[in-house]
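1. Please work out how this folds:
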Amino acid sequence: MRRVVGARASLLWCGPSSHIGRWLSLWRQLRRLLGLPPTDQSAVLAGLMAALKAESEAALGTPIATVSVSAPWVAAWEEDFPVDSVVNDALAASGLAPWTLEASWPIYMGEVNAVLAANGLQHCRQRWCGVPAESVIWPNITYFISLTNDSLYTSFQPTECFFFSAWANRLTLIDTKYGLDNLGSATTPALFWDALRVFLDTRAADFAKTLSYGYAVTILTAGEAANHPDFLAVVREVARDISQGHRDGKGELRKHRAEVVVSDDPTYAAARGSAFWLRTRIDWSYCKGVDGEDGKDGEGDGETVSQDNSDRGGHTEL
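-> Residues are numbered from 1 along each chain as shown. Next up, the predicted model:
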């Protein structure tokens, strides 16, 4: 996945509507008929999905036919059609039902959107259910920081309704140098956390240079190691650094309002958001009695707290 997230979007002349794209589609169909995985990526994903399916069925005691998938957003998969989707190919090879365009788009959920949904953010229930709702004009950016034992995953994208495509996701990077397992091999713990803070600050500064206007920032954390107190302290320091300002693409210093959102269950936040998305796709009772204010009637485990109570988790605004 570390290699895949860094791949560029498909070139136009290789896209699904191009002559080359149609030939590639026929080649993938031939491989399916022969019982072979259409692509190497779908073969790897199929192995992971099959294992998760078997473990989940054993735990639940019931067969599973339909799932919703969340993963780091991959630009190279952006223009995948259902018939040639890497994710759909993996689902089918795992004995699971693939998704169609009619079922709702996108085919899989970017991890940033899934974690937003798990925390009760950007549900946009009225919009999903077809009720007119006002759009948020002021730009807001989600700075996603996911810390696991193996690696650190960071990316930036506009904060929109969680079910929207994450096509504008930028600067996606998975770096194994900052996985929590590396803490034990660092010269001192302080040096490890200082290096992480510098890295996260540099990422934020690099993103600021891609724009030429001010914006609010939601720093969203997840990952199996994201509850580490030193990690949370670093994230709040990064939020303060962002609020003090970065140079934009024109060299002007711009200060940005920064908010930290800490998931109550960071290990499974993406899975919970993906499960919520599955519910909204197959159970239209979700739309019964929709009369709340758009974006504020979501369901999740996020909690708004003041900065004085920031150690409890939830939201901290700077």
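
2. Kindly state the neighbouring-residue count (a burial measure) for the closest residue to Glu237 other than its chain neighbours.
-> Of all residues not flanking Glu237 in the chain, Arg197 sits nearest, at 5.8 Å (CB to CB, 6 or more residues apart in numbering). (C-beta placed from N, C-alpha, C; glycine too.) Counted by other CB atoms under 10 Å, the residues lying close to Arg197 total 16.

3. the domain parsing of the chain - what is it?
-> Structurally, the chain divides into domains by automatic domain parsing as follows: 12-103, 110-317.

4. ranking those by burial, who's on top?
-> Of all the domains of the chain, domain 110-317 has the most neighbours on average by mean count of other CB atoms under 10 Å, namely a mean of 18.

5. Where does pLDDT dip in the protein?
-> Regions of the chain meeting the criterion pLDDT under 70 cover residues 1-23, 25, 78-83, 101-104, 134-138, 291-318.

6. Going by residue numbers, what spans are strands in it?
-> For the chain, the strands defined by DSSP state E cover 70-71, 109-110, 140-147, 152-158, 170-175, 216-222, 246-247, 253-254, 258-262, 314-317.

7. Ok, which of the ones you listed comes nearest Lys209?
-> Closest approach to Lys209 among these (CB to CB): strand 246-247, 6.6 Å.

8. Name the surrounding residues that touch that closest one.
-> Under the criterion CB atoms under 8 Å, 6 or more residues apart in numbering, residues 204-205, 208-209, 253-254, 256 lie in contact with strand 246-247.

9. What pairs with that strand, parallel or antiparallel?
-> Its sheet considered, strand 246-247 pairs with strand 253-254 (antiparallel) by DSSP bridges.

10. starting at the chain centroid, how far to the strand it pairs with?
-> 27 Å (CA atoms, centre = their mean, to the nearest Å).

11. What are the contacting residues of that strand?
-> With CB under 8 Å, 6+ apart as the test, strand 253-254 has contacts from 208, 213-214, 245-248.

12. quick one: which of these is nearest to Pro132?
-> Set against Pro132, the nearest of the contacts of strand 253-254 by CB to CB is Tyr213 (27.3 Å).

13. on that earlier part again, can you flag which of the contacts of strand 253-254 belong to helices?
-> Among these, the members found in helices (DSSP state H) are Ala208.

14. with the contacts of strand 253-254 in mind, which one is nearest to Ala76?
-> Ala208 (25.7 Å).

15. Would you check that that closest one makes contact with Asp248?
-> Yes - using CB atoms under 8 Å, Ala208 is in contact with Asp248, at 5.6 Å.

16. Skip the chain neighbours and tell me the closest residue to Asn45.
-> No Asn there; residue 45 is Leu. Ala90 (3.6 Å).

17. can you tell me which residues contact the one you found?
-> Counting by CB under 8 Å, 6+ apart, Ala90 has contacts 42-43, 45-46, 48-49.

18. a markdown table please, covering these and showing distance to Gly179.
-> Output for those, formatted as a markdown table (distance: CB to CB, whole Å):
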| residue | distance to Gly179 |
| --- | --- |
| Ser42 | 26 |
| Ala43 | 25 |
| Leu45 | 22 |
| Ala46 | 25 |
| Leu48 | 19 |
| Met49 | 23 |
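
19. could you pull out the helices for the stretch 201-318 of the chain?
-> All helices of the stretch 201-318 of the chain, identified by DSSP state H, counting those that start in this stretch, fall at 229-244, 269-282.
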